[in-house]
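K.L.:
Predicted model and sequence follow; I will ask about them next.
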Amino acid sequence: MGASERTPLEELIVRVWSETLQAPDADEETDFFSIGGDSLTALRAASELSTSLGLGEGDSNRLLVEIFATPTPRGLAEWLVREVGADAHLSTSASAGS
C-alpha cells in the first residue's frame, strides 16, 4: 500500500513515528522499535497521538501499552478504530482545527 492508499489515521501515525524517531522513511508497516523506538519515545509518540486525536487519559494509557503490542502504524490504526473509535476522534479533531 502506497502513501496515497493510507487511511488518514495511518497517515497521522506515520507522521508521528517519522517526527518522533526522525525516520523520514517510515511507512504504514514500519515497526516502531525496529527504527529506534524505546519506552521514552513510545511515551512521546503516544502523547502526540493522544493530543492529535483528543483522547482521554484512560485511552491514552491504553494507547501507550498498545504501541508495545502492535508497533506498526497499520496495526495501531486498526486497534484505535476498533477499541477507541479513533475515526470519530480524527474527524472531530480535523473539524476543530479548521
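P.N.:
Cool, got the structure.
K.L.:
where do the helices sit along this structure?
P.N.:
Along the chain, counting by DSSP state H, helices occupy 8-21, 39-53, 57-69, 73-84, 86-97.
K.L.:
how much space between residue 10 and residue 22?
P.N.:
Note on residue 10: its distance to residue 22, by CB to CB, to the nearest Å, is 19 Å. For every residue, glycine as well, the C-beta is placed using N, CA and C.
K.L.:
Which of the two has more residues huddled nearby?
P.N.:
A direct count of neighbours by other CB atoms under 10 Å for residue 10 and residue 22 places residue 10 higher, at 23 against 11.
K.L.:
contacting residues for the more buried one?
P.N.:
For residue 10, the contact set (CB atoms under 8 Å, 6 or more residues apart in numbering) comprises 28, 73, 74, 77.
K.L.:
can you do 10 Å?
P.N.:
1, 3, 27-29, 72-78, 80 (CB atoms under 10 Å, 6 or more residues apart in numbering).
K.L.:
In CSV, list the residues you listed along with neighbour count and distance to residue 51.
P.N.:
Shown next, in CSV, are the contacts of residue 10 (neighbours: other CB atoms under 10 Å; distance: CB to CB, whole Å):
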residue, neighbour count, distance to residue 51
1, 11, 26
3, 10, 23
27, 17, 23
28, 21, 21
29, 12, 24
72, 21, 21
73, 27, 17
74, 19, 21
75, 18, 21
76, 26, 16
77, 24, 17
78, 16, 21
80, 26, 14
